[in-house]
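**Q** Predicted structure and sequence below. I'll ask about it afterward.
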Amino acid sequence: MTSQKQEEALTDRNAPNENPFPAVEQAVASLVSARDTWARTSIAERISILEDIRTALDGVAPAWVDSAAKAKQLPTDSPLVGEEWTSGPYALMGACNGLIETLSGMPGKTFLDQIPLRSLPNGQTAARVTPHSVWDQLLLSGVTAEVWMKPGIDASNLANHTAQSYDQPAEQRTGRVALVLGAGNIAAIAPLDAFQKLFVEHQVVVLKMNPVNDYLTPHLEQALRPLIERDALRIVTGGGDVGAWLTNHPSVEEIHITGAESTHDAIVWGTGAEGQANREAGTPKIDKRITSELGAVCPTIVVPGPWSPADVQFQAEHIATQKLHNSGFNCVACQALIMPDGWDQSASLLDAVQRIIGQSSRPAYYPGAEDRLEQFASQAAQPTRISRGKAPAVVMNDLDDAPWFCNNEVFAPALSIKRLPGSNAEQYLLDAIEFANNELHGTLGANVLIHPATIREIGRDRFEEILAELRYGTIAINAWTGLGFLMTACPWGAFPGHTLDDAQSGIGTVHNTFMFDAAERTVVEAPFRPFPRSMLGGQFSLLPRPPWFITNRRSHHIGRLLTQFQYRPAWHRLPRIFYHALLG
């Protein structure tokens, strides 16, 4: 997300010919001169580049994580440092591996041969991207991820709608210069967005770091040196004035934005009366292709069922994680908790969520958090503040207090509760999906927590028919959509259909290492219970408390070990991972 000062500065647009930033101008010029060369780079050389990045990333990862932990005010021995491993070097390393595999099978698109397909009850095609290897089956035991394709895509034409940018012979390609405006919260966002432009769209990239996390710049420059040496990438820093100047630069041909919808609209339309007039006239200030990921008021739907006290405790930890991972500064953080009214476990679940939240004392490091929390509380009729010691209190309220809560992403530790009649699980799920689709702003990610017995009661086919009505780019069943971010084989972005004048959660996707061009959404599913209770409940899964849970006591060890495993998978590395996972 973009800081408030950066958003304000985006309205102060300097004309490119004033050249107030000569170093940035030089960076753009070097990209311009190399854009066709990069577009025509062979597959073999791209694989070699990605392999070199993996090696450089392995070397820089500890310093990267240490810098991020310090910036976010985390003690070096805190389990929460694990978040900086998994949402930083681990995710980027996974993208390198995924792209290497896809590029290695690009001739004839044979990489698709290893992806199981199935037909969904509504006739759409689902491609299973996780588990994809024996390592996935062991390290993400019981977790699946499918890419649900747009209608009309099936096994007979999937190849025609995958990696289309590679259908043109390399020698015939012409390059373009893309501006990537990096996010300030999650470390892997900026480099992964750059990878989309570089390896999927054949574009060179000027990556403008967000001032909030530009401390990552030297680490990224070291890790991505193979791209910088080929003049395919330049990383620049500075405030919103630099970003604004770059958006108007005549050599910048495409823009990708990860941030707030207000930032997107300031760039596309302008602000104030000028912005309104431009929007009404349908005349954007910028005549360039713009893609984006802009956040949302993301829901978690709790479906009534026969939950045990242990289930309530585990899923309360899950909900607290969905809210407080990265201290709540996630575009896909849960903001609307939809609860079944009349369910006998509702009160105990909410009590457990509040208790676990109260045990999290992580600082709210992101600029403007306190102001946003106060704005949130000011809209609530009777806000509940959950004390967390030195950390700002988490604010909770009834979502029905004001329409504001449906229409504004808070990007801070705050949570709204919405209650719907819950006497019948299937009807409740239909009502909750209708509410999320029609009332909540944005379509980035939605979570559904549902007991396996309730799925059986509804029927698996019927459950998937209902799920297909939930219009979000990533849906997580008994998981958090943030897991879809970490698994970079999954396309990441809003549900298709947004436009420049109604961007909501954005336009286009990133990550997507299999390069699907017709993805509609990602569906991630995880076990309802952790190991060993999962086995006792009839689910074959060895996954204990997930390492991304804020309650995991060994997350810092697991994150480091998983990143090292991504670099060099080997059987002898597994015991230490399993040891810490079981103690987490």
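**A** Happy to help now that I have it. Worth saying up front: this structure is predicted, and the values here are computed from it rather than measured.

**Q** Please make it C-alpha for all contacts and neighbour counts, starting now.
**A** Will do.

**Q** taking the mean pLDDT, what do you get for the longest helix seen in the chain?
**A** Secondary structure assigned by DSSP state H gives helix 43-71 as the longest helix of the chain. Averaged across helix 43-71, pLDDT comes to 98.

**Q** Okay, buried residues for it please.
**A** 43, 46-47, 49-54, 56-58, 60-61, 64-69 (16 or more other C-alpha atoms under 10 Å).

**Q** domains for this protein, by residue range?
**A** 4-123+166-293, 298-506+523-549 (automatic domain parsing).

**Q** now the strands: where do they sit in the stretch 51-200 of the chain?
**A** 117-119, 125-130, 144-149, 177-181 (DSSP state E, counting those that start in this stretch).

**Q** Alpha carbons of the second one, in PDB - could you do that?
**A** Taking C-alpha atoms only, strand 125-130 is exported to PDB below (Å, rounded to 0.1, in the frame of the first residue of the first chain):
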ATOM      1  CA  THR A 125     -12.000 -26.200 -16.100                       C
ATOM      2  CA  ALA A 126      -9.800 -26.300 -13.000                       C
ATOM      3  CA  ALA A 127      -6.000 -26.800 -13.200                       C
ATOM      4  CA  ARG A 128      -4.300 -28.100 -10.100                       C
ATOM      5  CA  VAL A 129      -1.100 -26.300  -9.500                       C
ATOM      6  CA  THR A 130      -0.500 -27.500  -5.900                       C
END
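
**Q** avg pLDDT for that strand?
**A** Per-residue pLDDT over strand 125-130 has a mean of 98.

**Q** thinking again about what came up before, let me have the domains of the chain in CSV, adding distance to Thr563 as columns.
**A** Compiled in CSV, the domains of the chain are given as follows (distance: least, C-alpha to C-alpha, whole Å):
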stretch, distance to Thr563
domain 4-123+166-293, 5
domain 298-506+523-549, 12
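
**Q** Relative to Arg573, which of those domains is closest?
**A** For the domains of the chain, proximity to Arg573 was assessed by C-alpha to C-alpha; domain 4-123+166-293 is nearest, at 15.3 Å.

**Q** which regions of the protein sit below the pLDDT cut-off?
**A** By pLDDT under 70, the low-scoring segments of the chain are 1-18.

**Q** list the contacts for the residue nearest to Glu51 when sequence neighbours are not counted?
**A** Spatially, and ignoring its direct neighbours in sequence, Glu51 is nearest to Cys96 (7.4 Å; C-alpha to C-alpha, 6 or more residues apart in numbering). Residues in contact with Cys96, defined by C-alpha atoms under 8 Å, 6 or more residues apart in numbering, are Leu50, Glu51, Ile53, Arg54.

**Q** The third one contacts Ile228, doesn't it?
**A** It stands for Ile53. No. Counting by C-alpha atoms under 8 Å, Ile53 stays clear of Ile228, with 10.9 Å between them.

**Q** tell me the secondary structure for Ile475?
**A** Three-state call for Ile475 (DSSP: H, G, I helix; E, B strand; the rest coil): strand.

**Q** just checking, it touches Phe495?
**A** No. Ile475 is beyond contact range of Phe495, at 10.2 Å (criterion: C-alpha under 8 Å).

**Q** if I look at the two, which residues touch both of them?
**A** Residues touching both Ile475 and Phe495 (C-alpha under 8 Å, 6+ apart) are Arg521.

**Q** Those two: who's more crowded?
**A** Set Ile475 next to Phe495 and count neighbours by other C-alpha atoms under 10 Å: Ile475 wins out with 28 against 25.

**Q** If the more buried one is in a bridge, with which residues?
**A** Taking DSSP bridges as the rule, Ile475 bridges to Ala446, Val523.

**Q** contacting residues for it?
**A** Counted by C-alpha under 8 Å, 6+ apart, Ile475 has contacts Gly445, Ala446, Asn447, Val448, Thr481, Arg521, Thr522, Val523, Val524.

**Q** Widest-spaced pair of the residues you listed?
**A** It's Val448 and Arg521 that sit farthest apart of those, by C-alpha to C-alpha, at 14.8 Å.

**Q** Those two: who's more crowded?
**A** Arg521 (29 against 23).

**Q** In a strand, the more buried one, correct?
**A** Yes. Looking at Arg521 with three-state DSSP, it is inside a strand.

**Q** doesn't Glu469 make contact with it?
**A** No. With contact defined as C-alpha under 8 Å, Arg521 does not count as touching Glu469 (11.3 Å).

**Q** Quick check: closest non-adjacent residue to Ile189.
**A** In space, Ile189 comes closest to Ala183 once its chain neighbours are excluded; the distance is 6.4 Å by C-alpha to C-alpha, 6+ apart.

**Q** element containing the nearest residue to Gly482 once chain neighbours are set aside?
**A** Nearest non-adjacent residue to Gly482, counting by C-alpha to C-alpha, 6+ apart: Val332, 6.7 Å away. Element membership for Val332, per DSSP states H and E: none, as it lies in no helix or strand.

**Q** and Val332, how many residues sit next to it?
**A** 27.

**Q** And it, how far from Gly240?
**A** 24 Å (C-alpha to C-alpha, to the nearest Å).

**Q** do Thr522 as well
**A** 33 Å.

**Q** ok, the two, which is more surrounded?
**A** Using other C-alpha under 10 Å as the criterion, Thr522 and Gly240 rank with Thr522 on top: 29 against 26.

**Q** That one: what's it in contact with?
**A** Contacts of Thr522 by C-alpha under 8 Å, 6+ apart are Ala145, Glu146, Val147, Trp148, Gly473, Thr474, Ile475, Gly484, Cys490, Pro491, Trp492.

**Q** The same query, at a cut-off of 10 Å, please.
**A** Thr522 sits next to 126-129, 145-149, 445, 472-476, 481, 484, 489-493, 495 when contact means C-alpha atoms under 10 Å, 6 or more residues apart in numbering.

**Q** Am I right that Leu486 is in contact with Thr130?
**A** No. Leu486 lies out of contact with Thr130 (C-alpha atoms under 10 Å); the separation is 11.9 Å.

**Q** where along the stretch 401-550 of the chain do the helices fall?
**A** With DSSP state H, counting those that start in this stretch as the criterion, the stretch 401-550 of the chain has helices at 404-407, 425-439, 452-458, 460-467, 482-486, 533-536.

**Q** try the stretch 151-300 of the chain
**A** 189-195, 217-223, 225-229, 240-247, 261-268, 272-281.

**Q** how about these, which one is nearest Leu582?
**A** helix 189-195 (29.3 Å).

**Q** hang on, Lys208 packs against Leu181?
**A** Yes. Using C-alpha under 10 Å, Lys208 makes contact with Leu181 at a distance of 5.0 Å.

**Q** what residues are shared contacts of these two?
**A** Ala190, Gly240, Gly243, Leu246.

**Q** Adding distance to Leu294, write those residues out as a markdown table.
**A** Shown next, in a markdown table, are the shared contacts of Lys208 and Leu181 (distance: C-alpha to C-alpha, whole Å):
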| residue | distance to Leu294 |
| --- | --- |
| Ala190 | 14 |
| Gly240 | 17 |
| Gly243 | 17 |
| Leu246 | 19 |
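
**Q** Nearest to Cys298 among those?
**A** Set against Cys298, the nearest of these by C-alpha to C-alpha is Ala190 (21.5 Å).

**Q** hang on, isn't the closest one packed against Val236?
**A** No. Using C-alpha under 10 Å, Ala190 is not in contact with Val236, being 11.8 Å away.

**Q** For the two, indicate the residue with more neighbours.
**A** Each of Ala190 and Val236 has its neighbours counted (other C-alpha under 10 Å); Ala190 has more, 25 against 18.

**Q** Just give the closest residue to the most centrally placed residue in the chain, not the sequence neighbours.
**A** With distances taken as C-alpha atoms, centre = their mean, Phe485 lies nearest the centre of the chain, 3.9 Å away. Sequence neighbours aside, Trp492 is the residue nearest to Phe485 in space, at 6.4 Å (criterion: C-alpha to C-alpha, 6+ apart).
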